[in-house]
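Student: here is my input, please return the structure:
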Amino acid sequence: MNKATFTNVLKNGINHSTPSVGKFSTETLKAYDEADTLKYMFTTLVFHPENKTVEYFLKIFSFVRVKLKNRYFSEIPLKKIRIYPYKEILRLLAVKFLSLTAADTIWEWTELSFDKWVSNKLDKEVKIVHCYEHAALFTFKKAKDFGCFKILEQVSQHHTHYKHIVENQFKLYPSLRSKYIEKISFKSIKKRNERKNKEYELADLIICNSTFTMKTLIDAGINKSKIIKIPLAYPETNQQSKKNTLPGRFTFTCVGSISLTKGTHILINVWRKHFSDFTNIKLILAGTVSLPREYLSNLPPNIEFRGFVNKDQLDDIYGESDLLVFPTLGDGFGMVITEAMAKGIPVLTTNNSAGYDLIEDGKDGFIIEAGSEDALAKKMLWILKNKPILPKMSELVIQKARKYQWLDYRKLLIEEVETRYLEFMSKIKSLDNY
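Tutor: The predicted structure is shown next:
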């Protein structure tokens, strides 16, 4: 099936649904729209510039515009967008005003309601549904009845691997326990994982973004023939971002949630033990906090906690950085890796991320064993002693980023979906002829 035939068969035939719109889901939508295969995009809350009602509202209440800046979305035509905003607004209010555990409960309610709503919008003209983990089950059940091809985007590690990580970290660091982490890791997890297991069973194709994610699914017993890997792409390159670094000083930066899964507690422990007395180095921590607050109390003076940052602030932070440290214990990909590399910043990360898909260890970055304080400390100390190698690494990561941009990702996605859909239709035809 060539591209023209694929487009004809699937013209306006794909429904894409995700409760939130991130960079990778946006690029997926653009890929389907460019191929003239997108019927509808379903999401909770976005603001399109062609929506005059929304623009009028935001003009009157201008203070809201800044708060909802990340909800602006103009990549596809307004006529193809369907939104389910009301419960998402409640979720946003819960995040702002309620506890983390209460916000988590409302998040789950919002996701399940969204999935039910999307499933009720499905009709027999749709050939493919593309959904995201934990918000796909109702849609997949309805799609199966209609004979649709079902794509599941698996953005994180398999839940059995995550559970193992959490249990191990609680043994090593008992002070990590909190009501929120207990709830999302154990108390609320059984039904959520049962739901995910059913999504895996119903999916005809599971898209992972890293070798690590694929491995956790295969290790959990999921049929590897339905799993493919499509790595996320690099942002546009910008080698000028390091203009704010200072001679004689060195800045490590850690970007992402300050959380157990990201391994931030390990980095903080390493810093306290090995780096707190250095006057010519510093560590920048940027992200929202879900670790117990004591982890951020009485930080050494050479740690700067910046909290949640917007894009402009993040660009400034990257401009100060000599190296990104991303000590994650389990990330389906880790977009901060590609963000930093596209700006010419070498990355130190773990084997439980897209590290092996993006980095050649020791040549254009560094990969260590996830969860090892000793490995992290040794590598950071080694980097400080061997700083002259970093400029060459910076050149190499820029070159690598330029070779795989978002246009390349979109082309690869369409090629993979086309191939798998053709196989799916061939099997159906064979069964009909049997």
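
Student: can you list the domains in the protein?
Tutor: 3-233+406-433, 239-402 (automatic domain parsing).

Student: same question for stretch 313-333: list its buried residues.
Tutor: The neighbour-count check on stretch 313-333 (16 or more other Cβ atoms under 10 Å) flags 314, 317-333 as buried. C-beta coordinates here come from the backbone N, C-alpha and C atoms, glycine included.

Student: rewinding a little: weakest of the domains of the chain in terms of mean pLDDT?
Tutor: Mean pLDDT is lowest for domain 3-233+406-433 among the domains of the chain, at a mean of 89.

Student: the closest residue to E369 other than its chain neighbours: how many residues sit nearby?
Tutor: Spatial nearest neighbour of E369, chain neighbours left out: A375 (5.0 Å); criterion: Cβ to Cβ, 6 or more residues apart in numbering. Neighbourhood size, A375 [other Cβ atoms under 10 Å]: 18.

Student: show me what contacts L348?
Tutor: Applying Cβ atoms under 8 Å, 6 or more residues apart in numbering to L348 gives the contacts 323-327, 365-368, 376, 379-380, 383.

Student: returning to what we had before: quickly find the element holding the residue nearest to E369.
Tutor: helix 373-385 (DSSP states H and E).

Student: which other helices and strands does that helix contact?
Tutor: Applying 3 or more Cβ pairs under 8 Å, 6 or more residues apart in numbering; DSSP states H and E, we find helix 373-385 packed against helix 264-274, strand 323-326, strand 347-350, strand 366-368.

Student: how far off centre is it?
Tutor: Centroid separation between helix 373-385 and its chain, computed with Cα atoms, centre = their mean, to the nearest Å, is 27 Å.

Student: now the helix or strand just after that helix against helix 373-385, angle please.
Tutor: Next in sequence after helix 373-385, counting helices and strands by DSSP H and E, comes helix 390-402. Per axes from the mean of the first three to the mean of the last three Cα atoms, to 10 degrees, the angle that helix 390-402 makes with helix 373-385 is 110 degrees.

Student: would you mark the buried spots in the longest helix along the chain?
Tutor: When every helix of the chain is counted residue by residue (DSSP state H), the longest turns out to be helix 406-433. Across helix 406-433, burial judged by 16+ other Cβ under 10 Å covers W406, Y409, R410, L412, L413, I414, E416, V417, E418, R420, Y421, F424.

Student: not counting residues beside it along the chain, what's closest to the first one?
Tutor: It refers to W406. Using Cβ to Cβ, 6+ apart, the closest residue to W406 is A233 (4.5 Å).

Student: for that neighbour, give me the backbone phi and psi.
Tutor: phi -90, psi 170 (degrees, to the nearest 10).

Student: identify each buried residue in whichever strand or helix holds W107, please.
Tutor: Per DSSP H and E: W107 is located in helix 100-120. Burial within helix 100-120, assessed by neighbour count using 16+ other Cβ under 10 Å, is assigned to 100-101, 103-104, 106-108, 110-115, 117-119.

Student: E50: how many residues sit nearby?
Tutor: 11.

Student: L205 is in contact with I151, isn't it?
Tutor: Yes - at 4.8 Å, L205 counts as touching I151 under the criterion of Cβ atoms under 8 Å.

Student: between these two, which one's more packed in?
Tutor: Legend: neighbour count by other Cβ under 10 Å for L205 and I151, higher for I151 (26 against 22).

Student: need the strands for the stretch 1-150 of the chain, in chain order.
Tutor: Listed in chain order, the strands of the stretch 1-150 of the chain (DSSP state E, counting those that start in this stretch) span 14-17, 38-43, 81-83, 128-132, 149-154.

Student: list the helices and strands the third one packs on?
Tutor: Read it as strand 81-83. Applying 3+ Cβ pairs under 8 Å, 6+ apart, one finds that strand 81-83 contacts strand 38-43.

Student: so what secondary structure elements neighbour the strand it packs on?
Tutor: strand 14-17, helix 23-34, strand 81-83, helix 100-120.

Student: contacts for the third one?
Tutor: Think strand 81-83. By Cβ under 8 Å, 6+ apart, strand 81-83 touches Y40, M41, F42, T43, T44, L45, V46, H48, F73, K121.

Student: show me just the buried residues among these.
Tutor: Among the contacts of strand 81-83, the ones that count as buried by 16+ other Cβ under 10 Å are Y40, M41, F42, T43, T44, L45, V46, H48, F73.

Student: who wins for proximity to G221 among the strands of the stretch 1-150 of the chain?
Tutor: Counting by Cβ to Cβ, G221 lies closest to strand 149-154 out of the strands of the stretch 1-150 of the chain; the figure is 14.4 Å.

Student: so what's the gap between the closest one and the chain middle?
Tutor: 16 Å.
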